[in-house]
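Trainee: need coordinates for the following:
(one chain, ligands or ions: 1)
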Amino acid sequence: MRVVIAGGHGKIALLLAEQLTERGDTPVALIRNPDHADDVRAVGAEPVQVDLEATTPDDLATHLAGADAVVFAAGAGPNSGAERKRSVDRDAALLLADAAAVAGVRRYLLVSSMGAENPPSEADDDSVWGSYLRAKAEAEQGVRGRDLDATILRPGVLTDEPATGRVRLAEQPVGHEEVTRADVATTLIALLDAPATIGRTLELINGTEPLGTAIDDLGGRTGPSVHGG
Ligand SMILES: NC(=O)c1ccc[n+]([C@@H]2O[C@H](COP(=O)([O-])OP(=O)(O)OC[C@H]3O[C@@H](n4cnc5c(N)ncnc54)[C@H](OP(=O)(O)O)[C@@H]3O)[C@@H](O)[C@H]2O)c1
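Mentor: Numbering: from 1, shown residues only. Below you'll find the model as predicted:
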């Protein structure tokens with residue numbers, strides 16, 4: 001499977017690329033800084049340099065040609081302000097969706113965030129955190145409104161601990177607790193393999209259930225694959 005990862009040098013993205021490579025898939029890492037190319041090559045990904053805040057759907061689509069799926073794992077990061085929450089966490093996610101449509105790539109995974117289900121209004125909370133949640137919520141809404149095979153994943157608080165393989169993954173609230181980035185990456189791959197999760201918005205934290213069981217509880221791998229077969 002050829003999987004294009006937006007935010008390809010991010011922490012989740014590098015773990016995702018490494019895991020995809022290990023199982024024989026082909027990750028493509030969209031990076032904006034050419035100095036990051038060697039890092040993404042080191043985990044088996046093909047680097048493609050593109051600034052998601054300075055491109056168009058048609059240009060981006062040229063990099064998505066032939067992909068089986070795209071994953072939005074970019075983010076403006078902890079030191080950014082409200083403007084970049086909008087230009088990256090919202091607008092770049094929608095740009096990727098529009099580019100996927102142009103390129104004919106139907107499968108789309110959006111890494112969103114817990115809290116996006118109920119973002120504060122600007123009048124109630126004009127903090128950067130409030131802007132972030134509104135940006136994620138608007139990205140989710142825009143992705144749902146497009147004709148794509150999308151799954152939205154809302155992780156809790158991310159940590160850099162090793163993978164546990166044990167999760168709580170559900171459409172219902174699971175609690176705003178921690179989840180390792182490594183488990184988020186593994187879950188993204190499981191979602192790619194589970195077409196029953198298309199059209200769903202899922203919350204994720206670490207828990208006690210094996211990931212495979214959690215995916216089975218959501219309907220497992222019973223539908224058509226991203227390859228259509
Ligand atoms: N932190 C949490 O607890 C938490 C919880 C839930 C969800 N999330 C979300 O999870 C996602 C992934 O998190 P993470 O920690 O893996 O992210 P990360 O390490 O901060 O990586 C984000 C990546 O996005 C890239 N990026 C930013 N602007 C870009 C642009 N204009 N064009 C291309 N790439 C750009 C960054 O590249 P540069 O290095 O060039 O800036 C970086 O590689 C994010 O969407 C985040 O909001 C985070």
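
Trainee: sec struct for Tyr108, please.
Mentor: strand (DSSP: H, G, I helix; E, B strand; the rest coil).

Trainee: can you tell me the closest non-neighbouring residue to the closest residue to the ligand within the chain?
Mentor: The chain approaches the ligand most closely through Gly10 (2.4 Å), counting by Cβ to the nearest ligand atom. C-betas here are computed from N, CA, C, even on glycine. Once flanking residues are discounted, Gly10 sits nearest to Ala73: 5.3 Å by Cβ to Cβ, 6 or more residues apart in numbering.

Trainee: wait, that neighbour sits on Ile5?
Mentor: Yes - Ala73 is within contact range of Ile5, at 5.7 Å (criterion: Cβ atoms under 8 Å).

Trainee: quick one: is the biggest helix by length in the chain near the ligand?
Mentor: In the chain, taking DSSP state H as the definition, the longest helix is helix 128-144. No - for helix 128-144, no contact with the ligand is found by Cβ under 6 Å from any ligand atom; the gap never falls below 7.1 Å.

Trainee: picking up where we left off before, if you count what's nearby, which of Ala73 and Ile5 comes out ahead?
Mentor: Just comparing Ala73 and Ile5: by other Cβ atoms under 10 Å the higher neighbour count belongs to Ile5, 32 against 28.

Trainee: so how far is Lys11 from that one?
Mentor: 12 Å (Cβ to Cβ, to the nearest Å).

Trainee: show me where pLDDT drops low in the chain?
Mentor: Applying pLDDT under 70 to the chain picks out residues 221-229.

Trainee: near the ligand, which residues of it show up?
Mentor: 7, 9-12, 32-33, 51-53, 73-77, 88-89, 111, 113, 155, 157-158, 181.

Trainee: narrow these to those in helices?
Mentor: 11-12, 181.

Trainee: between the residues you listed, which is nearest Ile198?
Mentor: Of all these, Ile198 sits closest to Ile12, with 20.5 Å by Cβ to Cβ.

Trainee: can you tell me which of the ones in helices among the residues of the chain next to the ligand is closest to Asp38?
Mentor: Lys11 (16.7 Å).

Trainee: that closest one touches Arg181, doesn't it?
Mentor: Yes - using Cβ under 8 Å as the test, Lys11 is close enough to Arg181 to be in contact (5.1 Å).

Trainee: okay, those two: which has more neighbours?
Mentor: Arg181 (21 against 16).

Trainee: ok, the more buried one touching Leu16?
Mentor: No - with contact defined as Cβ under 8 Å, Arg181 does not count as touching Leu16 (9.0 Å).

Trainee: which of the residues of the chain next to the ligand fall in strands?
Mentor: Among the residues of the chain next to the ligand, the residues falling in strands (DSSP state E) are 111, 155, 157-158.

Trainee: all the helices of this protein, residue numbers only.
Mentor: With helices called from DSSP H, the chain shows them at 11-22, 37-42, 57-64, 82-84, 91-103, 128-144, 181-192, 211-217.

Trainee: packing partners for the third one?
Mentor: The helices and strands touching helix 57-64, judged by 3 or more Cβ pairs under 8 Å, 6 or more residues apart in numbering; DSSP states H and E, are helix 91-103.

Trainee: can you give the contact residues for the helix it packs on?
Mentor: 6, 52-53, 55-58, 60-65, 67, 70, 72, 74, 106, 108, 110, 139, 142-143, 146-148, 150 (Cβ atoms under 8 Å, 6 or more residues apart in numbering).
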